[in-house]
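Colleague: Just a sequence and a predicted model for now, questions to come.
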Amino acid sequence: MASKGAGKDIESAIAPDLDVDNDNFFKDMIDESGKENVYLTMAESNLDKIIVSYKDVEANLVKHFSNRRTTEKNKFWVNRSENLRIFKKANSRIIGFMVKEFMMKKAADDFKKQQTSKTGVIDFNKLKEYRTSEDIFKRNLIVKEGKNHGMLMFVDWSGSMCDCFGGIMEQVINLVMFCRQVNIPFDVYGFNDNHVRNNWIKKANTFYTDGCNLRNYLSSKMNNAEYTRGLENFLALKFNLQRDRTDYREQSEPPYEGFSGTPLNDAIIHAQKISEIFRKENGLQIVNCIFLTDGDSNSSGYYQDKEGRTQSAIGYGKNYIVTDPKSKIQYQHCTRTETLLKMLAETQDVNVIGFYISDYQYQQYRASKKDRFALVKQKGYDSYFIIPSKGVSTVKGNMFEGMDVNDKKFDKHVKSKREEQKNERVMVSKLMELMGKNR
């Protein structure tokens, strides 16, 4: 039997003597770098409140401009059909050339994938040759189909875009014209934070942000008449909003179309659900998500606790770990753009492409003076292109004044320097290359 003294010794060995310097004892056990983990789930995007359809966008523009008195300042709206005709005349030929080049490369790739195999069934037309040849069987030609692509484009509608808005929007229209001709499904959204409606389906411990609006300007779902009107309206809106042509600057932009902040992170989160639906609707194997911006994103992050109170998810004293509800993958730092891009790529299996507008970085990183882009590595993006804000217009000179579209000089300009014109349409040419590599 153990003595009482022995039991006391065992107890002392297990538990520390709290009467001796206990403050220093517990201080040594504290991990100063440790933070509390807060586990959250990504909130579901409420797309019915986020996306403004192309039909509603058109109705808003028509209502605004049709009620205004015709003046020199809004003639871009009155003459929008003629303006589009001139724009197409300046761009259609080179786009047609790029389409032809793309289709030839596609046909060549398809030819390389063809394989011939024996069937094991005798070809009676070759049976007479059985003494001199063993090849008397029928053959099958096996053609492996290439991967089909789709394009989702999200365009920054922030105030800093005003100085380059004209040329950049022309690049977007060229890209849409190309996709339309080669039957690549597409949707073009502008993202802003003007009059944001309820973006999220909120529950306890779900992560969400301030939100944004996604205005669907152009879509492959449009019929021919809607597509033509969409291009006319987009071109008119370009001249209404751009600041580099004050003679066409309207005193007030249409409601909800004005420039705002840069809710890039919000658009990336919503792109997850949009790309999932887009892939299913069009039966796509590869979805290319393109983000066009000239600055960093606004930063926001919140969650609702169990009592329904709104809490910040940016506090430095805690680790906020957000779980994607479908894939169950966990992510930290979900207020950072690179984390959200990684989440988009991993959960939706999309190609993430960035076009960043910066004159300084373009000059710093471009490979040669002839290049209209600089290709750099950027976290979160599969491909990241820096393009200049100036000199990106695809129609040189003054489009709408003093121009005779039947003038021989106009035709000569369009025909000359085909490769230069191709390089000027940097978004089309880069997307062509990327799709060619992923066939």
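Modeller: Right, received. Where do you want to start?
Colleague: The residue nearest to Phe239 when sequence neighbours are not counted and Ala236: what is the separation?
Modeller: The shortest distance from Phe239 to any non-neighbouring residue, by CB to CB, 6 or more residues apart in numbering, is to Phe76 (4.1 Å). C-beta: built from backbone N, CA, C; applies to glycine. When distance is defined by CB to CB, to the nearest Å, Phe76 is 5 Å away from Ala236.
Colleague: same thing with Met177?
Modeller: In this structure, Met177 lies at 17 Å from Ala236, with CB to CB as the measure.
Colleague: try Asn205
Modeller: Counting by CB to CB, the gap from Asn205 to Ala236 is 46 Å.
Colleague: neighbours around Asp359, how many?
Modeller: The number of residues packed around Asp359, counting by other CB atoms under 10 Å, is 15.
Colleague: likewise Asn46?
Modeller: As a burial measure, Asn46 scores 18 neighbours (other CB under 10 Å).
Colleague: one step back: name the element the residue nearest to Phe239 belongs to?
Modeller: Counting by DSSP states H and E, the element that carries Phe76 is helix 75-78.
Colleague: Gly308 now?
Modeller: Gly308 is part of no helix or strand when elements are defined by DSSP H and E.
Colleague: so what pLDDT did it get?
Modeller: The score at Gly308 is 83. That number is its pLDDT.
Colleague: So what's the residue count around the nearest residue to it once chain neighbours are set aside?
Modeller: Distances taken as CB to CB, 6+ apart place Ala204 nearest to Gly308, at 7.3 Å, with adjacent residues excluded. Residues lying near Ala204 (other CB under 10 Å) number 12.
Colleague: ok, now which ones touch Ala204?
Modeller: For Ala204, the set of contacting residues under the criterion of CB atoms under 8 Å, 6 or more residues apart in numbering consists of Gln304, Asp305, Lys306, Gly308.
Colleague: Show me the shaky parts of the stretch 251-400 of the chain.
Modeller: When residues are selected by pLDDT under 70, those of the stretch 251-400 of the chain lie in 251-252, 391, 393-400.
Colleague: show me where it has helices.
Modeller: Defined through DSSP state H, counting those that start in this stretch, the helices belonging to the stretch 251-400 of the chain, from first to last, are 264-282, 337-348, 359-365.
Colleague: residues in contact with the residue nearest to Ile269 when sequence neighbours are not counted?
Modeller: Sequence neighbours aside, Leu340 is the residue nearest to Ile269 in space, at 6.0 Å (criterion: CB to CB, 6+ apart). Listed by CB under 8 Å, 6+ apart, the contact set of Leu340 reads Asn265, Ile268, Ile269, Cys334, Gly380.
Colleague: Let's have those in JSON lines, adding distance to Lys369.
Modeller: Formatted as JSON lines, the contacts of Leu340 follow (distance: CB to CB, whole Å):
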{"residue": "Asn265", "distance to Lys369": "35"}
{"residue": "Ile268", "distance to Lys369": "33"}
{"residue": "Ile269", "distance to Lys369": "39"}
{"residue": "Cys334", "distance to Lys369": "40"}
{"residue": "Gly380", "distance to Lys369": "29"}
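Colleague: still on that earlier bit, what's across from the residue nearest to Gly308 in the sheet?
Modeller: Listed by DSSP bridges, the beta-bridge partners for Ala204 are Gln304.
Colleague: what's the closest of the contacts of Ala204 to Ile386?
Modeller: Using CB to CB, Gln304 comes nearest to Ile386 of the contacts of Ala204, at 38.8 Å.
Colleague: Touching, that closest one and Phe207? I think so.
Modeller: No - using CB atoms under 8 Å, Gln304 is not in contact with Phe207; the gap is 9.5 Å.
Colleague: Look at the two and report which has more neighbours.
Modeller: In terms of neighbours (other CB under 10 Å), Phe207 is the more surrounded of Gln304 and Phe207; the figures are 24 against 19.
Colleague: that older thread, so for Phe76 and Ala236, which residue has more residues nearby?
Modeller: Ala236 (24 against 21).
Colleague: Next, the contact list for the more buried one, please.
Modeller: By CB under 8 Å, 6+ apart, the residues touching Ala236 are Leu61, Phe65, Phe76, Trp77, Arg80, Asn83.
Colleague: Lys430 in helix, strand or coil?
Modeller: In the three-state summary, Lys430 is assigned as helix, counting by DSSP: H, G, I helix; E, B strand; the rest coil.
Colleague: Who are the contact partners of it?
Modeller: Going by CB under 8 Å, 6+ apart, Lys430 touches Ile353, Phe373, Ser383, Phe385.
Colleague: who's the most centrally placed residue in the chain bridged to?
Modeller: Ranked by distance to the mean C-alpha position of the chain (CA atoms, centre = their mean), the top residue is Ile290 at 2.6 Å. Ile290 has the following beta-bridge partners by DSSP bridges: Met153, Ile353.
Colleague: what about it, distance to Val172?
Modeller: Taking CB to CB, one finds Ile290 at 10 Å from Val172.
Colleague: overlap in contacts of these two?
Modeller: Taking CB under 8 Å, 6+ apart as the contact rule, the neighbours common to Ile290 and Val172 are Met153, Met427.
Colleague: Outline the domain layout of the chain.
Modeller: As given by automatic domain parsing, the domain ranges for the chain are 36-82+147-437, 113-142.
Colleague: okay, those domains, which one's buried deepest?
Modeller: When the domains of the chain are scored by mean count of other CB atoms under 10 Å, the highest mean neighbour count falls to domain 36-82+147-437 (a mean of 17).
Colleague: residues touching the residue nearest to Lys326 when sequence neighbours are not counted, list them.
Modeller: In this structure, Lys326 finds its nearest non-sequential neighbour in Thr347, 6.7 Å apart by CB to CB, 6+ apart. Thr347 is in contact with Gln272, Asp324, Lys326, Ser327, Ile329, counting by CB under 8 Å, 6+ apart.
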